[in-house]
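Here is my input; please provide its structure:
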Amino acid sequence: MLPVHMLMLQASGTPQGQSPFGMLFMFGAIFAIFYFLLIRPQRTQQKAHDEMVTALSKGDEVTTVGGIVGKIVHLTDDRVTIRTAGDTRLEIERSKIGHKVSSEGTGS
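Residues are numbered from 1 along each chain as shown. Alright, predicted model coming up:
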């Protein structure tokens, strides 16, 4: 029969001689991989989108996240009014602007 301390080591599931620092290093390496492959690029993309949205001006042609293309006719702090086909005007949130198609100056 095995001594009690040997039975407790077998029951805990950690092999003898394995350092807890190895496991800590493994978790740190996995976190680093996730950070550099997922988190950092997403933050960079979000920062670029935020800069584009704050730099919008009247007369810019934009595409919304939903795919609607229009020209900006009015801006507020959190809303944008765009003119689409004909004289249809839509008021949308600034954050829902997908990207800027072109800049035609300050017109209309």
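
Return the helix or strand in this structure with minimum mean pLDDT.
Here the helix or strand of the chain ranked lowest by mean pLDDT, DSSP states H and E is helix 4-12, holding a mean of 53.

so how far is R79 from V62?
13 Å (Cβ to Cβ, to the nearest Å). Every residue, glycine included, has its C-beta placed from N, CA and C.

With F31 instead?
From F31 to R79 the distance is 39 Å (Cβ to Cβ).

same deal with Q42?
The value you get for Q42 to R79, if Cβ to Cβ is used, is 25 Å.

So what does the residue nearest the centre of the chain look like in phi/psi?
Residue closest to the average C-alpha location in the chain (Cα atoms, centre = their mean): Q42, at 4.1 Å. Main-chain dihedrals, Q42, degrees, to the nearest 10: phi -70, psi -40.

List the contacts of it.
Listed by Cβ atoms under 8 Å, 6 or more residues apart in numbering, the contact set of Q42 is empty.

circling back to that earlier point, the more surrounded of V62 and R79?
V62 (23 against 12; other Cβ atoms under 10 Å).

Specify the beta-bridge partners of that one.
G70, K100 (DSSP bridges).

wait, it sits on V69?
Yes - counting by Cβ atoms under 8 Å, V62 does reach V69; the two are 7.4 Å apart.

low-confidence ranges in this structure?
1-17, 103-108 (pLDDT under 70).

what ranges do the helices span in it?
4-12, 20-34, 40-54 (DSSP state H).

and L56, how many neighbours?
L56: 16 neighbours (other Cβ under 10 Å).

doesn't K100 make contact with it?
Yes - between L56 and K100 a contact is recorded at 6.9 Å, counting by Cβ under 8 Å.

list the residues that contact both of those two?
V62.

Pop the domain breakdown of this structure in here.
19-55, 57-103 (automatic domain parsing).

deepest of these, which one?
domain 57-103 (a mean of 14; mean count of other Cβ atoms under 10 Å).

got the contact list for stretch 63-82?
Counting by Cβ under 8 Å, 6+ apart, 56-62, 83-84, 89-94, 96-99, 101, 104, 108 sit against stretch 63-82.
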